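Engineer: Next come a sequence and a model predicted from it.
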Amino acid sequence: RAKYVVKHSRLLNDAGPDYGVVAEPTRLIPAYGHKGYAFIKVIAHGKAAYTSSGEGVSSNFLIAPFLTDMMTLNERFQNDPAFMNDEFQPPTNGFNMVITDDGQPSMTAAKTECVLTLRVMPEAGTEEIIDLITEKAQNYGLEVAMARVTPPVYTDRKSNLVRAACQATGNNQPETIPFATEGIHYRQLMDLVILGPGDIAMAHTVGESIGVAELEKAVDVYANMIEALCM
């Protein structure tokens, strides 16, 4: 929905706002940034046949050396400071891998898809990571079907917006958060701060709720920010 608004809202684009607040739950602690997202799909193409025939080519065997390389890269990504950013907790990029082949034991797999994901941070080697993965895949003759990066949200912690959020909340230690928000769609249009009542630990779970007192406090916080920045 946010992506649609950014693309189609005449009101938003004509107004050209300088500042935005993403009201995700941060316990009313200003957050000046959060991680983005990278998605890479690598595919091995084999040949399906009954294993009794000896005519098949398993795509799983074709992709296996690549998977071993990914295990080695994961060790590097978790320990090499070039791929970390200590402003975020955890400071690592959440490298993950999911594999599907839709096969069955009596048939060789015709197609194996490996989806690799990253939690993207500023100055944490994202482009190098994607290049490393792509190079490894191509070296084994595998198809790189998709490589998509959604940049992180990051606003200078000394910006007018973050300072106003700190003043309004009485919290002079803005943070970063590990989860993504719709701010990824608005980041190119304006400075953003993620600031809202409630705790992310209570989100998307049984008993999801926010206390009334905290909601009321949030109204005062937003009012103070509007007064400081817009009047």
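Structural biologist: Arrived safely. Numbering: from 1, shown residues only.
Engineer: what's the helix of greatest length in the chain in contact with?
Structural biologist: Looking across the chain with DSSP state H, the single longest helix is helix 59-79. With contacts defined as Cβ atoms under 8 Å, 6 or more residues apart in numbering, helix 59-79 is touched by 42, 44-46, 83, 92-93, 95, 97, 99, 101, 103, 108-112, 114, 116, 129, 132-133, 136-137, 140-142. Glycine gets a C-beta too; all of them are placed from N, C-alpha and C.
Engineer: Then stretch 105-116?
Structural biologist: Contacts for stretch 105-116 (Cβ under 8 Å, 6+ apart): 39-52, 56-60, 62-63, 66-67, 70, 95-103, 133, 145.
Engineer: Just the ones of these in strands?
Structural biologist: Per DSSP state E, strands hold the following members of the contacts of stretch 105-116: 39-45, 96-100, 145.
Engineer: any chance you could map the helices in the chain?
Structural biologist: 2-8, 10-15, 59-79, 126-139, 160-169, 183-186, 212-230.
Engineer: Those helices: which one's closest to E87?
Structural biologist: Smallest distance to E87 across those (Cβ to Cβ): 13.1 Å, for helix 160-169.
Engineer: buried stuff in the closest one?
Structural biologist: Residues of helix 160-169 classed as buried by neighbour count (16 or more other Cβ atoms under 10 Å): 161-166, 168-169.
Engineer: Now render the residues you listed as CSV, adding pLDDT and distance to T155.
Structural biologist: Output for the buried residues of helix 160-169, formatted as CSV (pLDDT from 0 to 100; distance: Cβ to Cβ, whole Å):
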residue, pLDDT, distance to T155
L161, 97, 6
V162, 97, 6
R163, 97, 11
A164, 97, 12
A165, 98, 10
C166, 98, 12
A168, 97, 15
T169, 97, 15
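Engineer: Could you give the number of residues near L62?
Structural biologist: By other Cβ atoms under 10 Å, the residues close to L62 number 18.
Engineer: Next one: it, what pLDDT does it get?
Structural biologist: Listed pLDDT for L62 reads 98.
Engineer: repeat for the one 4 residues further on
Structural biologist: We have a pLDDT of 98 for F66.
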